[in-house]
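Colleague: Mind folding the following:
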Amino acid sequence: MESNQTETGSFNEEQSLRVIREMIEVSHKRIKNDGILFIVWGWIGFITCFVHFLTGTIPHNFMTGRIIKWLTMVLPIAGLLFTVYYLYTKSRKATTYIGISLRYVWVSLFVVMILINLIQFNVMHKIIFDMQHALFMVVTAFAIVITGGILRYKMIVAGGILFAAMAYLSSYFTLNEQLLVESIAWFIAFVIPGHALFSRRNK
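Modeller: Next up is the predicted model:
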């Protein structure tokens, strides 16, 4: 009986040490490759928001509007397909605790955004896009900070904090101006940290 307890205790201690070692290794090595996801979604967010801002500011014809509409629809879909493919190929090689945790964070973000719209519609019986935009930025900033904390990467944490600050700033502007602020936020919080991570993947 005592030997069984000792073996169980030894196993738990060994497992804990393995998890800690994995967290350190993934944070400093494998996650550098995941910078590609920050780059992809950073550029998608930046381009989509900035293009919408331009279309709301600069007069354009019907054909240009159609092209822009399709572009802003295709980019997120392409990004989603790439992300699923990337995560699938990566999970076939190894599944880590950190990888699973990050998936929960970003899937939860998507669910929260849907709930924000449902709650807003239930209370106000309409969607106020000026408020929705700022709220979406806040919950995205929350996910960025958590991601940076999990990865122990200060640049991502700082990007998330700046994203939240710009979400508050955007609440003072019209919806079109919010799109400009958000495009800058995507560039700061995603594109810059993503390129910094990915450029150091072989170091």
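Colleague: Which helix or which strand is home to the most centrally placed residue in the chain?
Modeller: Per CA atoms, centre = their mean, the C-alpha nearest to the average position across the chain is that of residue 144, at 5.8 Å. Taking DSSP states H and E as the definition, residue 144 sits inside helix 129-151.
Colleague: Now do the following helix or strand past that helix: which elements does it pack against?
Modeller: Scanning forward in sequence from helix 129-151 by DSSP H and E, the next helix or strand is helix 154-170. Here helix 154-170 touches helix 129-151, helix 175-186, helix 192-199, going by 3 or more CB pairs under 8 Å, 6 or more residues apart in numbering; DSSP states H and E. All C-beta atoms are positioned from the backbone trio N, CA, C, and that covers glycine.
Colleague: buried sites along the helix or strand where residue 51 lies?
Modeller: When elements are assigned from DSSP H and E, residue 51 belongs to helix 35-57. Within helix 35-57, the residues scored as buried using 16 or more other CB atoms under 10 Å are 35-53, 55.
Colleague: repeat for stretch 172-180
Modeller: Buried residues in stretch 172-180, counted by 16+ other CB under 10 Å: 175, 177, 178, 179, 180.
Colleague: Let me have those in JSON lines, extended by pLDDT and distance to residue 159.
Modeller: Shown next, in JSON lines, are these (pLDDT from 0 to 100; distance: CB to CB, whole Å):
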{"residue": "175", "pLDDT": "91", "distance to residue 159": "23"}
{"residue": "177", "pLDDT": "94", "distance to residue 159": "21"}
{"residue": "178", "pLDDT": "94", "distance to residue 159": "18"}
{"residue": "179", "pLDDT": "94", "distance to residue 159": "19"}
{"residue": "180", "pLDDT": "95", "distance to residue 159": "18"}
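Colleague: Which one of the residues you listed is nearest to residue 85?
Modeller: Comparing the buried residues of stretch 172-180 against residue 85 with CB to CB picks out residue 179 as the nearest, at 28.8 Å.
Colleague: Residue 84 versus the residue nearest to residue 130 when sequence neighbours are not counted, what's the distance?
Modeller: Excluding the flanking residues, the one nearest residue 130 by CB to CB, 6 or more residues apart in numbering is residue 175, at 5.0 Å. In this view, residue 175 and residue 84 are 30 Å apart by CB to CB, to the nearest Å.
Colleague: just residue 169 next, same as before
Modeller: Remark: distance between residue 169 and residue 84 (CB to CB) = 33 Å.
Colleague: and the two? which has more neighbours close in?
Modeller: Higher neighbour count among residue 169 and residue 84: residue 169, with 16 against 10, using other CB atoms under 10 Å.
Colleague: My guess is the more buried one contacts residue 182. True?
Modeller: No - using CB atoms under 8 Å, residue 169 is not in contact with residue 182; the gap is 10.2 Å.
Colleague: For burial, what's the neighbour tally of residue 193?
Modeller: Using other CB under 10 Å, residue 193 has 26 neighbouring residues.
Colleague: Skipping adjacent residues, who's closest to residue 55 in space?
Modeller: Once flanking residues are discounted, residue 55 sits nearest to residue 68: 5.5 Å by CB to CB, 6+ apart.
Colleague: Also residue 187?
Modeller: Per CB to CB, 6+ apart, closest to residue 187 is residue 46, 4.8 Å.
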